[in-house]
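Q: The following comprises the amino acid sequence and a computationally predicted model.
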Amino acid sequence: MPRARIAGGAFVTGVLVSGMLGGAVLATTACATDDQTPVTLTIRKGSSFREAAESLAAHDVVASARLFGFYASQRGRDRSIRYGTYLIRRGASWSEILTALQWGRGIVHRVTIPEGWPLWDIIPALSAGLSLPAESFESAVRDTALLRRVGVPRGVETLEGYLFPDTYDFPDGTTARQAVDVMVRRFEQVWKPEWDARLTEIRMTRHQVVTLASIVEKEVRKGDERPTVAAVYTNRLKARMMLQADPTVQYAMKVRPGRVLYSHLKVDSPYNTYRRYGLPPGPIASPGAASLEASLYPAKVPYRFFVAHPDGHHEFRTTYKEHLAAIEYVKKAAREAAAAATAARKAAERELAVDSALKAAGAPRAAFDSLAARKPDGA
């Protein structure tokens with residue numbers, strides 16, 4: 001084995017020199033940087049340490065997957081890692097990263113709550129995402145301190161509408177109450193200070209606006225229609241008309257969105273806006289920022305009615321007579337669209353049949369198209 005002379009005349013092996021140089025490189029590379037950006041990455045179950053290192057390098061958490069692997073192996077810490085989704089700072093030292101991977105420090109539970117979800121959808125998602133019993137969340141959303149903090153009126157028993165829809169990374173060990181508190185705080189962050197002044201202008205409480213926004217959220221599929229839909233309901237409230245909002249009936253019956261039948265409209269509930277005037281007692285879902293803003297600043301239009309097309313966009317009208325005509329227009333448009341879709345499907349089926357027949361006969365498609373396009377004599 002070759003040897004190298006060092007100061008003092010002693011000799012060491014080339015391996016030792018290599019180790020010393022590698023240690024120097026690692027000492028430099030393993031130092032933390034000034035970049036403290038948090039990065040979310042997932043170490044999949046069954047991943048090797050090498051795969052984990054490559055994921056860290058891909059997210060710029062470590063400069064080199066190979067050097068990080070060597071660093072870990074030299075310390076005997078490349079054999080055990082905990083799988084999961086981590087939130088790790090880019091500026092963390094390699095020692096900190098190894099500790100995180102070994103002990104699961106920094107593991108987060110990512111849960112996405114879409115806009116317009118009611119509590120009966122939110123709670124199971126949180127329960128599954130945090131591996132906690134649903135009952136703990138059922139209790140947390142009834143926390144009286146939180147209810148007082150957001151200002152819900154007496155008689156409203158849950159935080160429906162105040163668990164803001166967003167994507168959350170909950171640290172490992174988060175309790176149900178902590179998760180609910182985080183989501184309420186997110187709502188409070190989204191609520192702009194100037195919106196409080198707007199409440200005075202429109203003579204509504206925040207709870208009323210959140211309630212209205214939740215109905216708008218459930219009604220709208222085309223985002224740019226939010227202010228107009230909010231205006232329809234605002235105009236109805238001002239005219240002391242029933243809101244007659246289908247989503248409130250579905251909420252009263254605890255059913256998912258779908259076709260509302262006349263029999264459904266008879267349900268006896270304070271949330272049935274076909275039988276009760278004004279807004280329901282509270283929100284029917286969690287509205288997003290756009291629906292909150294639309295409810296605070298509805299469009300300046302005279303509409304009091306709307307009817308939805310199958311694709312989700314609406315026809316808005318001012319009078320009931322116009323509304324009835326709009327319903328017939330939408331029905332006709334839907335029939336025509338269905339007929340066109342059927343004709344297109346049948347045409348495609350015919351083309352497919354022709355292609356299959358020509359292929360079976362060994363005839364080229366171009367020759368068939370040429371014959372089909374040729375006009376008869378005298379035409």
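A: Received it, and whenever you're ready, just let me know what you need.

Q: What is the burial count for the residue nearest to residue 158 when sequence neighbours are not counted?
A: In this structure, residue 158 finds its nearest non-sequential neighbour in residue 141, 4.8 Å apart by Cβ to Cβ, 6 or more residues apart in numbering. The C-beta positions use only the backbone N, C-alpha and C, and glycine is treated the same way. Other residues within reach of residue 141 by the criterion other Cβ atoms under 10 Å amount to 23.

Q: Can you show me the strands along the stretch 1-150 of the chain?
A: Per DSSP state E, counting those that start in this stretch, the stretch 1-150 of the chain carries strands over the ranges 3-5, 11-13, 38-43, 84-89, 107-112.

Q: ok, back up a step: any idea how far the residue nearest to residue 158 is from residue 103?
A: 32 Å (Cβ to Cβ, to the nearest Å).

Q: got it, and residue 38?
A: Shown here: residue 38 relative to residue 103, a distance of 18 Å by Cβ to Cβ.

Q: quick one: low-confidence ranges for the stretch 201-350 of the chain?
A: Where the stretch 201-350 of the chain drops to pLDDT under 70, the residues are 258.

Q: Could you pull out the strands in it for me?
A: Under DSSP E, counting those that start in this stretch, the stretch 201-350 of the chain gives strands at 305-308, 314-317.

Q: got JSON lines for those, with distance to residue 222 and mean neighbour count too?
A: Below are the strands of the stretch 201-350 of the chain laid out as JSON lines (distance: least, Cβ to Cβ, whole Å; neighbours: other Cβ atoms under 10 Å):
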{"stretch": "strand 305-308", "distance to residue 222": "10", "mean neighbour count": "18"}
{"stretch": "strand 314-317", "distance to residue 222": "8", "mean neighbour count": "20"}
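
Q: Before we move on, what's the pLDDT of the residue nearest to residue 158?
A: Looking at residue 141, its pLDDT is 98.

Q: I'd say it and residue 123 touch.
A: Yes: using Cβ atoms under 8 Å, residue 141 is in contact with residue 123, at 7.2 Å.

Q: measure stretch 73-84 end to end?
A: Criterion Cα to Cα, to the nearest Å; first-to-last residue distance in stretch 73-84 is 21 Å.

Q: Could you list the residues in contact with it?
A: Here stretch 73-84 makes contact (Cβ atoms under 8 Å, 6 or more residues apart in numbering) with 22-23, 26, 42-47, 49, 52, 69, 72, 98, 101-104, 107-108, 172.

Q: do you know how far residue 266 is from residue 272?
A: Distance, residue 266 to residue 272, by Cβ to Cβ: 8 Å.

Q: of the two, who's got more company?
A: Set residue 266 next to residue 272 and count neighbours by other Cβ under 10 Å: residue 272 wins out with 21 against 11.

Q: Test my guess that the more buried one contacts residue 265.
A: Yes: the criterion here is Cβ under 8 Å, and residue 272 meets it with residue 265 at 7.2 Å.

Q: what residues are shared contacts of the two?
A: With Cβ under 8 Å, 6+ apart as the test, residue 272 and residue 265 both reach residue 249.

Q: surely residue 39 meets residue 57?
A: No: assessed by Cβ under 8 Å, residue 39 is found out of contact with residue 57, at 11.5 Å.

Q: Show me which parts of stretch 357-367 are buried, residue by residue.
A: For stretch 357-367, burial by neighbour count (16 or more other Cβ atoms under 10 Å) applies to residue 358.

Q: cool, and stretch 46-66?
A: Buried, per 16+ other Cβ under 10 Å, within stretch 46-66: 49, 52-57, 61-62, 65.

Q: same question for that stretch, mean pLDDT?
A: 91.

Q: same check, this time on stretch 104-112
A: What stretch 104-112 shows for mean pLDDT is 89.

Q: List the contacts of it.
A: The contact list for stretch 104-112 (Cβ under 8 Å, 6+ apart) reads 40, 82, 84-88, 99-100, 125-126, 129-131, 166-172, 174.

Q: so how far is stretch 94-104 off the chain centroid?
A: Its chain's average C-alpha position is 30 Å from that of stretch 94-104, according to Cα atoms, centre = their mean, to the nearest Å.

Q: Report the central residue of the protein.
A: In the chain, the residue lying closest to the centroid (Cα atoms, centre = their mean) is residue 114, at 3.9 Å.

Q: Which residues are in contact with it?
A: Residue 114 neighbours (Cβ under 8 Å, 6+ apart): residue 165.

Q: And it, how far from residue 287?
A: Counting by Cβ to Cβ - residue 114 and residue 287 are separated by 11 Å.

Q: Overlap in contacts, those two.
A: Residues touching both residue 114 and residue 287 by Cβ under 8 Å, 6+ apart: residue 165.

Q: so residue 158 makes contact with residue 144?
A: No: here residue 158 does not reach residue 144: they are 11.0 Å apart, not a contact under Cβ under 8 Å.
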